[in-house]
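J.: Here you go, sequence then predicted model.
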Amino acid sequence: MADWANLQLVDHHCHGLVQRDLDQGEFETLLTEASTLGVSAFDSRVGLAIRRWCAPVLDLPEHAPAADYVARRGELGFAEVDARFMAAAGLSGLCVDTGYVPEPISSPADLASLTGAAAHEIVRLEQVAEELYGQIDAIGFAHAFQSALEQRTEHAVGMKSIAAYRVGLDLDPARPSADSVADAVWRWFSGERRLADPVLQRFLIWCAVDRGLPIQFHVGLGDSDVDMKSGNPLLLMPLLRAIEPTGVPVMLLHNYPFHREAGYLAQVFSNVYVDVGLATHNLGDRSRVLIEETLELAPFGKFLFSSDAFGLAELYYLSAQLFRRGMASVLDAGVSEGSWSAADADRLALLAASGNATRVYRLG
Amino acid sequence: MADWANLQLVDHHCHGLVQRDLDQGEFETLLTEASTLGVSAFDSRVGLAIRRWCAPVLDLPEHAPAADYVARRGELGFAEVDARFMAAAGLSGLCVDTGYVPEPISSPADLASLTGAAAHEIVRLEQVAEELYGQIDAIGFAHAFQSALEQRTEHAVGMKSIAAYRVGLDLDPARPSADSVADAVWRWFSGERRLADPVLQRFLIWCAVDRGLPIQFHVGLGDSDVDMKSGNPLLLMPLLRAIEPTGVPVMLLHNYPFHREAGYLAQVFSNVYVDVGLATHNLGDRSRVLIEETLELAPFGKFLFSSDAFGLAELYYLSAQLFRRGMASVLDAGVSEGSWSAADADRLALLAASGNATRVYRLG
Amino acid sequence: MADWANLQLVDHHCHGLVQRDLDQGEFETLLTEASTLGVSAFDSRVGLAIRRWCAPVLDLPEHAPAADYVARRGELGFAEVDARFMAAAGLSGLCVDTGYVPEPISSPADLASLTGAAAHEIVRLEQVAEELYGQIDAIGFAHAFQSALEQRTEHAVGMKSIAAYRVGLDLDPARPSADSVADAVWRWFSGERRLADPVLQRFLIWCAVDRGLPIQFHVGLGDSDVDMKSGNPLLLMPLLRAIEPTGVPVMLLHNYPFHREAGYLAQVFSNVYVDVGLATHNLGDRSRVLIEETLELAPFGKFLFSSDAFGLAELYYLSAQLFRRGMASVLDAGVSEGSWSAADADRLALLAASGNATRVYRLG
């Protein structure tokens, strides 16, 4: 049986940490992607998991009250808090999405230093495109984007699309023509900087396919801005069919509550991989069931760990802890009831923990 | 640990009881919202739960045969049956939807008398509107409806929309213009009395928002007349985004099999609350899992109890019993595996049992 | 308690076996409906279940390595392998879909001989139609199809529609007019042989309703060619409403991950039946949960066993074994926690194992 407590993980989708101390309201806002109005985030699975798992790391008893937790956090200061949780997370690698920076956050190099693990970059397609907004004429955009993407991904290990947030996943699979791209850019440049155009979203994705690195897609669970029904991964099927012959890996992130659908896609498309990212810490101790449901159809060779942590170091630690425990629970139960051998369980655990990420992103 | 057996519940969505004795066919028809053709409703989870939980209340052994159960019910007479189950349900409050009366049923006052609990009224928007059908000219409808709603809800604690049954939940979030309302009323008055128009459904909902009381929405599970795919709560997202700034509470009822989606909405919208009404008794002893899945994302401060009982007093008792047991199972398991403290479990149980309903509907 | 190990099953939807020895790649291709690229199918639930359950039938230890399994299979030869698994499956009847024959496969008579059970035929509607492609003029198609269907189903027990694969399940419920059928045939005959036209698909289904035998629909889970989002059974609701008054049974096959939705349809439509077919072996030892979730709403009198086995005799054995174990687990747990009596469990097990199929298909 794997020594679960020491299983090192590659976190294949995560973000930087905020560089400041937080009051309880600010902490709760970062804890979920939800608004802070209404009731306390501490009275939900993720908040209860913080009190259980994270309090001891800050020298508090398990289940310490929320106010005590936030006070202790302030007492230690964010730098000490980050150092403790990032060291305790047990990561052997990180793939950091650098495309969302609403305030100064730690860089991949900072995260590498905090964890002692190699930190790689994931480049967000929309960010590269938006940097060209109004910097160029519409007809020159396509070439300029391809050049910029080439340059920005020179040392990156993957790219990410947030089409789910911008236009939904019901995308025409065809590579758009040069004319239609130029027209769409012209329309975009006449409006706001935020890119949300289905033709351009497809163009970005096909440029990413040409670039040949794994492409991450935000799927399912997000904040109240996402149109969740358009974030169903089954909507991606035509595009997945079109990408499959290129062999470029497609990484479906989060997926909840469509994780069974995502598991199906990981089974039937040779180049599709899945995780339960953001949902892992959101579901707290219940994330075990999510992992088990995803692995109903998803092959163990297609399932990865990610935290989708943003802002709070707790989310790195919590996701890592819950993923280890969830995998341990699923695999140990299988050994107990005879579904697989202990040797199989060890091997399958390593695939999900780090093997699949190392292979697909060609790390290390 | 909470004394589960004595946990008093507020049933925030329920209906009156039929005032007559029933043969087995009539009983089965009221047991589910299904047709009576095909196989026996007693050979499904809800029927098996009746035989297990309800038989002893009528002095029969657990698992008494269906025919014995119905015979015993007739022997005691409906008045005695109602008295026993309503007293045994352990309710401290009821919010009664008075808008569905296909035959004479008990009033909120009757239910208060049977349970010893305060019974409040929920006013169904479509019923208020349909009472104005053909009573007024199209141009005067908007004002007349607003006045009627004001009057009908003077002592009510909430309102209910059955848009899911009439036009589905994929509603344009905008408040319709006076002209478009008058046009739609004109079309409606030229046809049948049953209101099923997306413009008017939106108008009713916005009038309810203006009224400022919590608004219940039927979501998911219903009979074969509902278009279930249009009852997915994710379709409500644009409208929820539009209502959120008003602070008016939106109560998503039933939700199965979209209860995880509903839990997500309760997490990300500050004013959204959820229950698993109707499904609680339909799933029998399996409802525990439904509660657990809904509480994956839904904060405990956003989760309520309802029976959606209609016609049969058994459904009040069964839902209450199954909800108590389901919550006990979820919360006790959390204590056992260390997810939260026993004190937390007690507090969270009280929120779901009555605290949330009391706070949101401003009861007592 | 039922003697689960000896519970005989009627497999109400299955296919023939390939008549050749297989290398590991060919075996994996038949194991799932997935492409063979990417990772090994043996590192997923279905492959792990083969190593656990099937290895001992071929005299190997449980969890024998995949390569050993395939080698042993070759050593014994496909005829011996088929004989062992089909005898071990414990079937008392089979309903064989004869409409998918990509290579020579065993006939219903062959399967009867291997199992010692009666094998009945299910006629695939699209196959009967496609045999008329280009053989007749468009105006004569409707009558010719009706005659051909009458003849082909003379000794059949049911029919099958693969509308989900061809045009999706969002079908207009109305019987198409003679003119619209002739127009559609004309268009079809001007194109490729593969029938994929919504008008004709509806025509075929209504001819099947007229024929009066149970009609199976592929729903949910399939290979990467199926448009899964169009395979949601809730899309069938208008058609189910239209068929219900005829009393013709509608059998929803597979359903995963929409099995809860399918259970709802089995509850609210008197003539709708469900299984978890293909998903049973795909989910391996996890199929227990799938059975339990489907039976949340589906009455036990509406739930059937099928393997959807194609090509590999292992899939017959594995599905039968997993179905027995899953039902045993669900029913025994119910007895243990008092949800129903042991006598009820025995009776409900027999309904699902064979009683429902025998009654609905009017088998011997």
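T.: Looks like it came in fine.
J.: contacts and neighbour counts: CA atoms only from here.
T.: OK.
J.: Mind jotting down where the helices sit in the stretch 101-250 of chain A?
T.: Ranges of helices within the stretch 101-250 of chain A are A:108-115, A:125-130, A:141-152, A:163-166, A:178-189, A:198-211, A:237-243, based on DSSP state H, counting those that start in this stretch.
J.: quick one: which of these is nearest C:M237?
T.: Closest approach to C:M237 among the helices of the stretch 101-250 of chain A is made by helix A:237-243 (23.9 Å; CA to CA).
J.: Indicate which one of the helices of the stretch 101-250 of chain A is closest to A:A320.
T.: The nearest among the helices of the stretch 101-250 of chain A, by CA to CA, is helix A:108-115 at 12.6 Å.
J.: what is the mean pLDDT for the closest one?
T.: Mean per-residue pLDDT for helix A:108-115: 98.
J.: tell me what it is packed against?
T.: helix A:78-88, strand A:91-97, strand A:118-124 (3 or more CA pairs under 8 Å, 6 or more residues apart in numbering or on different chains; DSSP states H and E).
J.: near chain C, which residues of chain A show up?
T.: Residues of chain A found near chain C (CA under 8 Å from any CA of the partner chain) are A:234-235, A:237, A:241, A:260-261, A:264-265, A:267-271, A:295-302, A:338-341, A:348.
J.: domains in chain A, as residue ranges please.
T.: Per automatic domain parsing, the domain ranges recorded for chain A read A:4-20+A:90-360, A:22-76.
J.: can you redo these as CSV with mean neighbour count?
T.: Shown next, in CSV, are the domains of chain A (neighbours: other CA atoms under 10 Å in any protein chain shown):
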stretch, mean neighbour count
domain A:4-20+A:90-360, 21
domain A:22-76, 19
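J.: Compare the mean pLDDT across those and name the weakest.
T.: domain A:22-76 (a mean of 91).
J.: and that domain, how far out from the chain's middle?
T.: 22 Å (CA atoms, centre = their mean, to the nearest Å).
J.: With stretch A:150-168 instead?
T.: Going by CA atoms, centre = their mean, where stretch A:150-168 is centred and where its chain is centred differ by 12 Å.
J.: how about that stretch against chain B, any contact?
T.: No: judged by CA under 8 Å from any CA, stretch A:150-168 makes no contact with chain B; its nearest approach is 13.5 Å.
J.: just to revisit the earlier point, same list (the helices of the stretch 101-250 of chain A) but as a markdown table, adding distance to C:A41.
T.: Shown next, in a markdown table, are those (distance: least, CA to CA, whole Å):
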| stretch | distance to C:A41 |
| --- | --- |
| helix A:108-115 | 35 |
| helix A:125-130 | 33 |
| helix A:141-152 | 35 |
| helix A:163-166 | 30 |
| helix A:178-189 | 40 |
| helix A:198-211 | 26 |
| helix A:237-243 | 19 |
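J.: do you know which of those lies nearest A:K229?
T.: helix A:163-166 (9.6 Å).
J.: Quick one: residues in contact with the closest one.
T.: Outside of helix A:163-166, the residues within contact range by CA atoms under 8 Å, 6 or more residues apart in numbering or on different chains are A:169, A:195-197, A:201, A:217-219, A:225-227, A:230-231.
J.: Of those, which are in range of chain B?
T.: Okay, of these touching chain B (CA under 8 Å from any CA), that's A:D227.
J.: Quick check: strands, which of the contacts of helix A:163-166 are part of them?
T.: A:F217, A:H218, A:V219 (DSSP state E).
J.: Surely the last one and A:N255 touch.
T.: Yes: under the criterion of CA atoms under 8 Å, A:V219 lies in contact with A:N255, with a separation of 4.9 Å.
J.: what's the spacing between A:E314 and A:A55?
T.: 10 Å (CA to CA, to the nearest Å).
J.: Name the helix or strand for A:L318, please.
T.: helix A:313-336 (DSSP states H and E).
J.: Which residues lie in contact with A:D170 in this structure?
T.: By CA under 8 Å, 6+ apart, the residues touching A:D170 are A:S230, A:L235, A:L236.
J.: Would you pull up the residue in the stretch 101-250 of chain A closest to chain B?
T.: Closest approach between the stretch 101-250 of chain A and chain B, counting by CA to the nearest CA: A:S224, at 5.4 Å.
J.: Got phi/psi on the spatially closest residue to that residue that is not a sequence neighbour?
T.: Sequence neighbours aside, B:V268 is the residue nearest to A:S224 in space, at 5.4 Å (criterion: CA to CA, 6 or more residues apart in numbering or on different chains). When read as degrees, to the nearest 10, the backbone of B:V268 gives phi -90, psi -20.
J.: Distance check, A:L22 against A:V39.
T.: 19 Å.
J.: should've said A:L253
T.: Counting by CA to CA, the gap from A:L253 to A:V39 is 28 Å.
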